[in-house]
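Chemist: the amino acid sequence is not available; the structure is as follows:
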C-alpha cells in the first residue's frame with residue numbers, strides 16, 4: 001500500500017433538493033445548447049447597440065429638423081423683411097414718380113402757354129411781313145418805273161403791283177378743284193336772293209362784274225370797290241340820301257368768306273371780270289373759301305375803274321341805278337363822274353382775295369338744293385346781285401325797298417338809295 005500523505009479529512013456534504021435539480025439541469029445541457037444561449041445573448045447586445053444607434057440618429061434628425069425649421073423661419077423672416085423693404089421702396093418710387101409727373105405737367109402747361117404766345121407773335125410777324133413785302137414791292141416797282149419807259153400806262157403798272165403781291169401768297173390747298181370742272185350752283189344770278197335763307201358758317205359774297213382773276217388757274221383774285229356809296233339815313237320820311245364812306249371790304253380784312261362768281265354760259269372758261277352790261281342771266285359758280293387782304297400798302301386807293309371791271313356794276317354797288325340798254329361804257333363813266341360830289345373820295349380801291357380752301361359740303365348741298373330750278377320758274381325781277389348784296393337776310397330784304405331820284409346822265413339814269 002502506498003503511503004499517502006495526510007490531508008484534511010473530507011466529510012460527505014448534504015445538498016438541497018433544488019440545488020440538485022439545478023445541477024442536474026446544468027449537467028444535462030449540451031455544449032450546443034450553451035452556445036445557443038450565448039448567441040442569443042450576443043444578438044440582444046447587438047440589437048441594443050442598433051437601438052442606441054437609432055436613438056442617436058433620431059436625435060440627430062430631430063436636431064437637424066429643428067435647425068432646418070429654424071433656418072426656414074429665419075429665411076421666411078428675411079423674405080418678409082425684404083418684401084417690406086421692397087414695398088416701401090416701391091411706394092417711395094411711386095411718390096417720386098407722382099411728384100415728377102406733377103412737375104412735368106406744370107412744365108407742359110408753361111410750354112403750351114409759351115407756344116400760344118409764340119403763335120400769336122408769329123401771326124403778327126406774318127402780317128407785318130406781308131405789309132412790308134407789299135411796301136418793298138411797291139418801292140422796287142416805283143424805282144424801276146423811274147428808270148423805265150414812261151410810255152407804260154399807269155394802270156398797267158398799278159395792276160402789276162397787285163399781281164406781284166398776290167403771287168407771293170401761298171397757293172390754295174389741293175382740295176380746291178379746278179373751276180372749269182365745277183357745275184353751277186345757280187342757273188342765273190337773279191336767283192341769288194334765295195340764297196339769303198340758307199344757313200351758313202361764313203358770309204356769302206357774289207361780286208358780279210367786279211372780280212378779276214390774278215392768273216389763268218383762277219385761284220387768287222382781285223376785287224374793286226367804290227370808296228363811297230349813297231345811303232338813305234333814317235331821319236324820317238322824305239329825307240334826302242347821303243354819301244357815306246364805303247366799308248364794304250375794309251371791315252372784312254383778314255376774314256374768310258364764301259366766294260361766288262358769275263360766268264356767262266356761252267364762255268364758261270372766260271374771265272369773270274369781263275366788263276359786261278348785265279350779269280343777271282349768267283350762271284353762278286361756287287369758287288371756294290377766300291381771305292380778304294388790304295392792298296393799301298401796295299397802292300393807295302382812288303384809281304380809276306380798270307378796263308376789265310364793269311362800270312355798270314360799280315354804279316350798282318354805289319346804289320346808283322342806270323339803264324345799261326343802249327348805253328356805252330363811256331356813258332356810264334360820265335354818270336359816275338357826275339354822281340359823286342367833288343368833296344367826296346372818287347375812284348375805287350382794290351382788295352386781294354386769297355383762295356384758302358374749298359367747302360365741298362357746301363358745294364354738294366347747293367347742288368342738291370335745286371335753287372337754280374326754282375329761280376328759273378319764279379321770274380324774280382330784282383335780285384341780290386343787282387344790288388350786289390353780300391349775303392345776309394337783312395341786306396337781301398332791302399333789295400326791294402328803294403327810293404329813286406333822277407340825276408342827269410345818258411339813257412335816263414336814276415339814282416337809287418337803299419339801306420347799306
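Modeler: Now that the structure is in, tell me what you want to look at. Just so we're clear, the structure is a prediction, and the values are computed from it rather than from any experiment.

Chemist: residue boundaries of the helices in the stretch 151-300 of the chain?
Modeler: 154-167 (DSSP state H, counting those that start in this stretch).

Chemist: and the strands in it?
Modeler: Assigned by DSSP state E, counting those that start in this stretch, the strands in the stretch 151-300 of the chain fall at 203-206, 211-213, 221-226, 228-231, 242-245, 256-263, 283-294.

Chemist: dump the ones you listed into CSV; add distance to residue 316 and mean neighbour count as well.
Modeler: C-beta here means a position set from N, CA and C on the backbone, and glycine is covered the same way. Converted to CSV, the strands of the stretch 151-300 of the chain look like this (distance: least, Cβ to Cβ, whole Å; neighbours: other Cβ atoms under 10 Å):
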stretch, distance to residue 316, mean neighbour count
strand 203-206, 12, 20
strand 211-213, 14, 22
strand 221-226, 10, 23
strand 228-231, 10, 20
strand 242-245, 16, 14
strand 256-263, 13, 22
strand 283-294, 16, 22
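
Chemist: nearest to residue 320, of those strands?
Modeler: When the strands of the stretch 151-300 of the chain are compared by Cβ to Cβ, strand 228-231 sits nearest residue 320, at 6.4 Å.

Chemist: what mean pLDDT does the closest one get?
Modeler: When pLDDT is averaged over strand 228-231, the result is 89.

Chemist: got it, and stretch 84-92?
Modeler: On average, stretch 84-92 scores 83.

Chemist: residue 357 is nearest to which of the strands of the stretch 151-300 of the chain?
Modeler: strand 283-294 (4.0 Å).

Chemist: what's the average pLDDT for that closest one?
Modeler: Across strand 283-294, the per-residue pLDDT values average to 94.

Chemist: relative to strand 283-294, how tilted is the longest helix along the chain?
Modeler: Secondary structure assigned by DSSP state H gives helix 31-147 as the longest helix of the chain. Per axes from the mean of the first three to the mean of the last three Cα atoms, to 10 degrees, the angle that helix 31-147 makes with strand 283-294 is 90 degrees.

Chemist: where does the prediction get shaky in the protein?
Modeler: Along the chain, the parts satisfying pLDDT under 70 run over 1-43, 65-66, 70, 141, 144-153, 233-238, 265-278, 370-420.

Chemist: re the thing from before, in JSON lines, list the strands of the stretch 151-300 of the chain along with distance to residue 130.
Modeler: Conversion of the strands of the stretch 151-300 of the chain to JSON lines gives the following (distance: least, Cβ to Cβ, whole Å):
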{"stretch": "strand 203-206", "distance to residue 130": "22"}
{"stretch": "strand 211-213", "distance to residue 130": "20"}
{"stretch": "strand 221-226", "distance to residue 130": "16"}
{"stretch": "strand 228-231", "distance to residue 130": "27"}
{"stretch": "strand 242-245", "distance to residue 130": "24"}
{"stretch": "strand 256-263", "distance to residue 130": "16"}
{"stretch": "strand 283-294", "distance to residue 130": "8"}
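
Chemist: between these, which gets nearest to residue 92?
Modeler: Comparing those by Cβ to Cβ, strand 256-263 comes nearest, at 55.3 Å.

Chemist: paired strands for that closest one, with orientation please.
Modeler: When pairing is defined by DSSP bridges, strand 256-263 lines up against strand 203-206 (parallel), strand 283-294 (antiparallel).

Chemist: looking at the ones you listed, spot the one closest to residue 354.
Modeler: When the strands paired with strand 256-263 are compared by Cβ to Cβ, strand 283-294 sits nearest residue 354, at 4.6 Å.

Chemist: specify the next element, helix or strand, located C-terminal of that closest one.
Modeler: helix 311-317 (DSSP states H and E).

Chemist: name the residues of the very next helix or strand once past that next one that are buried.
Modeler: Going down the chain from helix 311-317, the next helix or strand is helix 329-339, by DSSP H and E. Neighbour-count burial for helix 329-339 flags 331, 332, 334, 335, 336, 339 (criterion: 16 or more other Cβ atoms under 10 Å).

Chemist: ok and helix 329-339 relative to strand 221-226, angle-wise?
Modeler: Using the same axes, to 10 degrees, helix 329-339 lies at 50 degrees relative to strand 221-226.

Chemist: summarise which helices and strands the next helix or strand along the chain from helix 329-339 is packed against.
Modeler: Next along the chain after helix 329-339, taking DSSP H and E as the criterion, comes strand 348-357. Contacts defined by 3 or more Cβ pairs under 8 Å, 6 or more residues apart in numbering; DSSP states H and E place strand 348-357 against helix 154-167, strand 221-226, strand 283-294.
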